[in-house]
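Enquirer: got a predicted model here, sequence first, then my questions.
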Amino acid sequence: MDRDLLRQSVACHGHPLFSLLKSEQCENPDFQCVLGDLSKTVHYRKEKKSGNGVVEQFIARKADLLFAPSWKPDGSLINEDEMAETYAVMPPLEQFMEVASCDRRDIFFRDLERGDVVIGRINSIREFGFFLTLICLKTGLIRDIEDLEITALCPLRDVPSLGTHEDPLSYYHIGDLIQAGVKDIDRYHAKLTVSLQSSSLPPDLSHLKLGVISVDDMPAHYRLSVDVSSSTTETYENVLQNTTGFANPSVVEFLLGKLGLSETEPPSLMRGLQSKNFLEDDYWKSIRKKQSASWALKCVKIGVDHFKSGRHVEAMNEYNKALEIDTCNVEALVARGALYATKGSLSKAIEDFELALENCSTHRNAKKYLCQTLVERGRQLEDEEKLVTAEGLYRKALALDETFQEAEEALRKLQKHIQEAAKEKEKHKTVKTSAKTIFYSIQKKRKRSSSSTSSSTSSSADSSSSSHKKGKKRKRKHSDSSVRDKKHICKADSLEGRSVDGKEELYPLPTNTSASFMNREITDEIKWQEKSVLQMDVFKGKGYSRSMSSSSVEIVEDGRGRSDDSIDSFHSSKVYAFTSKGKTRYSLDGKYPDYKYNPPNPLHDKRREKDKEELSIISKHHSQDLSTNYDLSRNFDKSRSRKYSSSSVGSEYSHTSDRYGNKQRDSYSQDNNSSKSYTGKHNLEDKDNSNQGNKRNSVSGAKLHNEESMLPVDRKKNSTSVPETSSKRSLPSNLLDIFSQIAQFEKEKCIKK
Amino acid sequence: METETVHKGEHFKGLVSAEPDPAKTHFRVCRFIIEAGIKLGMHSVPIATACTIYHRFFQTCTLEVYEPYLVAMSAIYLAGKVEEQHLRTRDIINVCHRYLNSKSDPLELDTHFWDLRDSIVQCELLVLRVLNFQVSFQHPHKFLLHYLISLKNLMNRHAWARTPITVTAWALLRDSYHGTLCLRYPPQHIAVAVLYLALQTYGVDVLGGTESGKRWWQVFSEDITKPTIDNIISELTQLYDMDSKCTLI
């Protein structure tokens, strides 16, 4: 209990209240504490006529509430920046009360404090400062003081110097309106000192401008009080009702805030209305929440019934309705997630499950389903070769449920897979370090292959056999292939035309372009290799040379297909090739007579021949297996293949060469194979070439005829393979370096010659 | 037909057992309005309007014919509209149901619920007709707040800050709606009276003694007299007596 307040009250109401308090609050321990204190007060009170005792009775009964510390007094009011119109700013109350001027002067000096802002008029200026006659107060108090003739001194040291004036006082004149902060109050002698320095103001008022002001700057309450004093009939009520602020519909809210009253926990003196005793559960929000939850649950149940009887659309509608009613209903989320999962929308399902777990981290079904879906999705990703993402999902699933076997297994498998891939990569790298030699070997081989048709076909068989395990080719394509083969041949001619160009380019290899092409193609190639881990054995055998060849070919391809400058380079290279090709070859051969990796070609060829028979069968498998992968990679390569199509032949390639492309993908060596197989048809192609030349791009043109036709094959193959392989592009940079070095080297060679 | 629909509200009957004293019933129902209003997040003025609507309704109608709690719910709904603090019938039904059946689970949103809602809306129309569609009132609230600001400026700011006059006056004003004071006195008088009682409670003297000029309350309301203030205060204190009587039963 607030002792001071209680004492004040008892002092006012005297003995009747005291005795009533004693009887009413006898059970209140707080009151017992202050009892002794109060009894003293009662004796000193001045006798005063009390009313009918109603008020005392009321105070006594409600004393525990009225004097409770939690019965908060007003928070200190924010100094009013008079926002006109938000509420009715009224002239000082005493103006209507006809209070004697001596009383007003007394309470003015009693209540005025340092930091209050007063407004006055200069009545005299002396060398030590100037005197103000106060008119009104700007902040702190709102009092009617104009007729009290209160003077205040503003000493010289509190007048800020304005620079241009030697004497700051010369700036001020008698009659100026001055706004000043109260600096010192001598209550006994009724003397005031004010200051124009802003340091005299409290921090929250420091924005107020001190010094000379105009009439317009006078506060609203002063202007009103001038009106009131000029008329004798004006009443408080009239003034109040006529202000616009009083009509403001939100005036109550505004003033409640200003006075520090709460609408959410409104005060009451009724015992049963102590809002602090209300239960949170009884408020509308929590009831509504509960109700919505149970309503949503009902919908979920209906939805589950639908689901069980296979009406998936209806089920989904119910779940969505439930989630509309209760946005984060866990059951609805889980149910919808399950429905999504069964419908194959795994990502959506995962989203729902995760949201459900966010809202209720212990929901068992949500956890279980999420784990399963994550693993499922992981598998999907694995199939899409997004191994890292898949791994992340497995890990997530394991993090949710450590005992989840499936996830653990899947993760283990995947990691193994990744490791193998990494090893493979390693090997590959080491291989590539000797890329230079390989490069030459490839070239050699190519030349050879052009001459030996049989070997090429066999090689293709090889590659297909090696790769059939993983690859899936499209059945359809395969079946078509026989028909297409013919087409191929025809087209191959046209291709050849170009590929010849490409080939030529190979030999001299213009540095810049070739390097860049290589980068791309090779990256693709290598990525591809990574992918087809399973074909390692093949790779080991003949892969090096083949892969190299393929890559080189592709480079050519790329260059042709792509951009103007590359084409330019083409032309130049072509020209060069015509003249120098033979030479280069020779020189190359001579220089590197014993390159390590070049497999003995005769052997190779033989082997291929053996495999030849298998080819048809295997390739079938192959096409089936690969189909999925193929599609994917195709998508990825869309942009690329488009580029190719820009060259007239390109589109045809994509058409006709599916088969080849697939093969190539599976094994590095495929390039070789296919190229060889084409070379096998080479003769035909040569013939057709002349016919097809019209169709061809200007680039590929007539030069082809002159050229050896081995290249066309490669080219064709390349073009087909590119879209697929390009999807995987990440070649170790050192490899790239090596290749560019090779290119440079070659160029130098050519120049020399 | 009106009574018919209103009688649908009998779900809420039962609590209003045969109460011999209608004053007590009205007190309880007003308590119901105020408490439900707080739980619905209603502000003071809408609650005051709801209580006034309720009191006005039962000035002309009797408890024998109309179910008071249903009228109260409609009054809450209507007051929300009048005072631009819209409430949803679903929340009103929920909170009121929970008030009348404490600790119960929220109602299911079935036909029973929609019947309740219909009866509230029907009853709202009835109330409107009974009140001749005059449902906007001038409440003492904004008078009181302006009086408080004016008075504060006349007081010593430290004394004012120490004394919970504002809270007390506001609480008294809100509590006054348990009774029919709002129907019988102009808002200014009620505002002055609650302020007077608040000042008395803490023994605060306002400048302007008997010897010179007008008293502060005379300034606020020209036509108010000391007996009026005393009457209001005495009625107000009786409401608090009623509080203890009704809660004891």
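Expert: Good, I have the coordinates.

Enquirer: and the residue of chain A found nearest chain B, what element?
Expert: In chain A, the residue that lies nearest chain B is A:C12 (2.7 Å; C-beta to the nearest C-beta). Quick note: C-beta positions are derived from backbone N, CA and C, even for glycine. Using DSSP states H and E, the element containing A:C12 is helix A:3-24.

Enquirer: could you report the pLDDT at residue 37?
Expert: As the question left the chain open, I've gone with chain A. pLDDT, A:D37: 74.

Enquirer: that was the other one, I meant chain B.
Expert: On pLDDT, B:G37 comes in at 94.

Enquirer: what residues are up against B:P68?
Expert: For B:P68, the contact set (C-beta atoms under 8 Å, 6 or more residues apart in numbering or on different chains) comprises B:V16, B:T25, B:H26, B:V29, B:Y54, B:F58.

Enquirer: which residues touch the helix holding A:C12?
Expert: Outside helix A:3-24, the residues that touch it by C-beta under 8 Å, 6+ apart are A:31, A:34-35, A:37-39, A:41-42, A:44-45, A:47-48, A:50, A:53, A:55-57, A:59-61, A:63, A:67, B:162-164, B:200-205.

Enquirer: you'd agree B:D230 is in a helix?
Expert: Yes: assessed with DSSP: H, G, I helix; E, B strand; the rest coil, B:D230 lies in a helix.

Enquirer: so after the helix or strand bottoming out on mean pLDDT in chain B, what's the next helix or strand?
Expert: Sorting the helices and strands of chain B by mean pLDDT, DSSP states H and E puts helix B:2-7 at the bottom, at a mean of 43. Scanning forward in sequence from helix B:2-7 by DSSP H and E, the next helix or strand is helix B:22-39.

Enquirer: show me which residues of that following helix are buried.
Expert: Neighbour counts over helix B:22-39 (16 or more other C-beta atoms under 10 Å in any protein chain shown) mark B:25-39 as buried.

Enquirer: run the chain-centre distance for that helix.
Expert: 8 Å (C-alpha atoms, centre = their mean, to the nearest Å).

Enquirer: now it - C-alpha only, PDB.
Expert: Provided in PDB are the C-alpha atoms of helix B:22-39 (Å, rounded to 0.1, in the frame of the first residue of the first chain):
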ATOM      1  CA  PRO B  22     -33.900  -8.000 -11.900                       C
ATOM      2  CA  ALA B  23     -31.300  -5.400 -10.800                       C
ATOM      3  CA  LYS B  24     -29.000  -8.300 -10.000                       C
ATOM      4  CA  THR B  25     -29.600  -9.900 -13.300                       C
ATOM      5  CA  HIS B  26     -28.900  -6.800 -15.100                       C
ATOM      6  CA  PHE B  27     -25.800  -6.300 -13.100                       C
ATOM      7  CA  ARG B  28     -24.600  -9.700 -13.900                       C
ATOM      8  CA  VAL B  29     -25.300  -9.300 -17.600                       C
ATOM      9  CA  CYS B  30     -23.500  -6.000 -17.700                       C
ATOM     10  CA  ARG B  31     -20.600  -7.700 -16.000                       C
ATOM     11  CA  PHE B  32     -20.900 -10.300 -18.700                       C
ATOM     12  CA  ILE B  33     -20.800  -7.600 -21.400                       C
ATOM     13  CA  ILE B  34     -17.800  -5.800 -19.900                       C
ATOM     14  CA  GLU B  35     -15.800  -9.000 -19.300                       C
ATOM     15  CA  ALA B  36     -16.600 -10.400 -22.700                       C
ATOM     16  CA  GLY B  37     -15.700  -7.100 -24.100                       C
ATOM     17  CA  ILE B  38     -12.300  -7.100 -22.500                       C
ATOM     18  CA  LYS B  39     -11.700 -10.700 -23.700                       C
END
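
Enquirer: helices or strands up against that helix?
Expert: Applying 3 or more C-beta pairs under 8 Å, 6 or more residues apart in numbering or on different chains; DSSP states H and E, one finds that helix B:22-39 makes contact with helix B:44-60, helix B:68-82, helix B:89-100, helix B:226-248.

Enquirer: tell me the most buried of the ones you listed?
Expert: Stretch with highest mean neighbour count among the helices and strands packed on helix B:22-39: helix B:68-82 (a mean of 26; mean count of other C-beta atoms under 10 Å in any protein chain shown).

Enquirer: what pLDDT, on average, does that one get?
Expert: Averaging pLDDT along helix B:68-82 gives 95.

Enquirer: so that helix versus helix B:22-39, what angle?
Expert: 40 degrees (axes from the mean of the first three to the mean of the last three C-alpha atoms, to 10 degrees).

Enquirer: right, I'll leave it there.
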